[in-house]
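Peer 1: Pasting a predicted model and its sequence here:
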Amino acid sequence: YRGGNIMGLWFTALSEGWDDMRFGTRKQLIEAGLSIKGLKTGSGIPIRFFKPNTYEKENDKGETEVRNGYVTRWYEVWCVQQCEDYETPHESDSHQPVPEHDMMSYFETYTASQPTLKIERVGSTASYRLNGDLIRLPVHDAFTDSLGEVMTAFHEAAHSTGHPQRCDRPLGNSFGNAMYAFEELIAEITCMFTVMRLGGSFEPSKVLEENANSLAYLDHWLKACKDRDKALTAAFGEAQKASDFIVKHSIGDAE
């Protein structure tokens, strides 16, 4: 699953108390050897799939042009814990988070892969500066635990993907500006997508960037949006693109 589907499934799992993050359609659950008895339509979680599509449209000159777009399809999926014959996996079969030092190795591989990107260790807060293409991280001793270092590193890595030579997003906006909040939202979601895909633990409250997790200005940004669903879809799309870029340069062919 990608984009906003990941966030939707995660939030649903949290609200329902599910700790097994495996989901599937009825067909996929059957193929996995699970019972679908009692899984009525409407009891699952909707996910959205965008399928690339080409179509023809007449332009202002009366000429027919071939354009690219997407067809949206909806599917319903269920958590494996909703199946009546679900059994909790043995500890040896369950997922164990990738250790923080290995997650930092992924981060270091990503930064090393970008010719102009520089890392600076100083102070107690983090930031990314487009001018100079610089990620500034607190010194190691400033973190109360190793997970905080991972969260902060990947949050700033997310910002760095906005560079024109990477994913090219508007950066450098002032705090309080709607575009600043939009970029902060993208960074938060990108960090989540990336850390979870690489197998690490995700805890955004540990990010040591001033205002990084401020609900106030994110709420202000959402209220300023005329179409919240469209705006959030855009944020998820940008975050997925940024996460794909980081993962590609963190593990390359090793994935």
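Peer 2: That came in fine, so what should we check first?

Peer 1: Can you report how many residues lie near the residue nearest to Glu16 when sequence neighbours are not counted?
Peer 2: Taking CB to CB, 6 or more residues apart in numbering, and ignoring the residues beside it in sequence, Glu16 has Cys79 as its nearest neighbour in space, at 7.3 Å. C-beta here means a position set from N, CA and C on the backbone, and glycine is covered the same way. The tally of other residues near Cys79 (other CB atoms under 10 Å) stands at 21.

Peer 1: isn't Cys79 right up against Ser15?
Peer 2: No: taking contacts as CB atoms under 8 Å, Cys79 lies outside contact range of Ser15: 11.4 Å.

Peer 1: Excluding chain neighbours, what is closest to Leu29?
Peer 2: Ile36 (5.4 Å).

Peer 1: secondary structure class for the one you found?
Peer 2: coil (DSSP: H, G, I helix; E, B strand; the rest coil).

Peer 1: One more: Leu14?
Peer 2: Under three-state DSSP, Leu14 comes out as helix.

Peer 1: Then Pro52?
Peer 2: Assigned by three-state DSSP, the conformation of Pro52 is strand.

Peer 1: Please shift the residue numbers so they start at 556 in all later answers.
Peer 2: OK, 556 is where the count begins now, so the last one is Pro607.

Peer 1: mind checking how far stretch 680-695 is from the chain centre?
Peer 2: Averaging C-alpha positions (CA atoms, centre = their mean, to the nearest Å) puts stretch 680-695 21 Å from its chain's average.

Peer 1: Repeat that for stretch 569-582.
Peer 2: Distance of stretch 569-582 from its chain centroid, counting by CA atoms, centre = their mean, is 18 Å.

Peer 1: doesn't Tyr625 make contact with Asn608?
Peer 2: Yes: shown here, Asn608 and Tyr625 form a contact pair, counting by CB under 8 Å, at 6.0 Å.

Peer 1: just to revisit the earlier point, now do the same for the residue nearest to Glu571: its pLDDT.
Peer 2: Per-residue pLDDT puts Cys634 at 95.
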